[in-house]
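>>> structure here, sequence nowhere to be found:
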């Protein structure tokens, strides 16, 4: 019964509020970008949009390890990718100004894609020229405490478990010489994964691991270091909820 009430609330109340907040956020940051404000408005307004989203959907959030971060240091954050609420959890609660590295097709999304372009998020395609452009833009952008968040799996999980990382995020971090910070996200898969049709109530947790400096990873083959970071993130991943057992005689 509680689940049914929550579904009704999320569809009739939370979703409309989220859509209004999204349109307002996209409008505000797009206007701010016209006046050259890419550092503050383009971070803090989406941060509050993300917090409001978690609040209207009644989702409790817990953050661990924020003490590991220096606000004046730029980082490359690497996180597992469980579901849609990874965006709101990271944007709202990481507590560190950053840009996203995202796929080119996101530019086509109404409002959100337009706002991302206005805020000069870093887009990357599959071509070598696109990757090279992204690296050059990252090198000039990620300074003075401005960081980057990347999902190195490249796609959202199908079952809540992690898959192998792609090399691009690690090559970029090595190219621009920034510390890497692993992030572990929990709860997002159960709340709204790629197969879900609606939001399910749950708890979100963001674990910030200790930074790994360029000196600490110097000399390590990329594949070895990728596996080490993968293991660090996976060590704190909680198993997603098991699917409810079917009642005997229920249609398969």
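All right, it came through fine. If you're wondering where the values come from, they're calculated on a predicted model, not measured in any experiment.

>>> state the mean pLDDT of stretch 19-27.
Averaged over stretch 19-27, pLDDT sits at 93.

>>> whoops, stretch 71-87 was the one
The model assigns stretch 71-87 a mean pLDDT of 94.

>>> pull the distance from that stretch to the chain's centre.
Counting by C-alpha atoms, centre = their mean, to the nearest Å, stretch 71-87 is centred 5 Å from the centre of its parent chain.

>>> ends of that stretch, how far apart?
Length of stretch 71-87, first residue to last, C-alpha to C-alpha, to the nearest Å: 20 Å.

>>> ok, residue 102 - how many residues close by?
Look at residue 102: counted by other C-beta atoms under 10 Å, it has 19 neighbours. All C-beta atoms are positioned from the backbone trio N, CA, C, and that covers glycine.

>>> oops, could you answer that again for residue 180 instead?
Residue 180 has 24 nearby residues by other C-beta under 10 Å.

>>> separation between it and residue 56?
33 Å (C-beta to C-beta, to the nearest Å).

>>> can you name every helix or strand that the biggest helix by length in the chain contacts?
Longest helix in the chain, counting residues (DSSP state H): helix 15-34. If contacts are counted by 3 or more C-beta pairs under 8 Å, 6 or more residues apart in numbering; DSSP states H and E, helix 15-34 sits against helix 41-56, helix 112-118.

>>> and the angle for it with helix 41-56?
170 degrees (axes from the mean of the first three to the mean of the last three C-alpha atoms, to 10 degrees).

>>> excluding chain neighbours, what is closest to the residue most central in space within the chain?
Centroid check for the chain by C-alpha atoms, centre = their mean gives residue 87 as the closest residue, at 3.9 Å. What sits nearest to residue 87 in space, not counting adjacent residues and going by C-beta to C-beta, 6 or more residues apart in numbering, is residue 50, at 7.0 Å.

>>> do the same with residue 77
residue 149 (4.5 Å).

>>> beta partners for that neighbour?
Assessed by DSSP bridges, residue 149 has beta-bridge partners residue 77, residue 100.

>>> I'd say it and residue 79 touch.
Yes: under the criterion of C-beta atoms under 8 Å, residue 149 makes contact with residue 79 at 6.5 Å.

>>> list the buried ones in the least confident helix or strand in the chain by mean pLDDT?
Among the helical and strand segments of the chain, the one scoring lowest on mean pLDDT, DSSP states H and E is helix 128-141, with a mean of 74. For helix 128-141, the buried set under the neighbour-count rule, 16 or more other C-beta atoms under 10 Å, comprises 134, 135, 137, 138, 141.

>>> residues near residue 155, how many?
When neighbours are counted by other C-beta under 10 Å, residue 155 comes out with 11.

>>> the closest residue to it other than its chain neighbours and residue 232: what is the separation?
Excluding the flanking residues, the one nearest residue 155 by C-beta to C-beta, 6+ apart is residue 81, at 6.7 Å. Residue 81 sits 16 Å away from residue 232, going by C-beta to C-beta.

>>> and residue 89, what does it touch?
50, 54, 61, 185, 187, 188, 204, 206 (C-beta atoms under 8 Å, 6 or more residues apart in numbering).

>>> among those residues, who's most crowded?
Busiest of these [other C-beta under 10 Å] is residue 188, holding 28 neighbours.

>>> is it correct that that one is in contact with residue 204?
Yes: under the criterion of C-beta under 8 Å, residue 188 makes contact with residue 204 at 6.3 Å.

>>> secondary structure class for the residue nearest to residue 155?
coil (DSSP: H, G, I helix; E, B strand; the rest coil).
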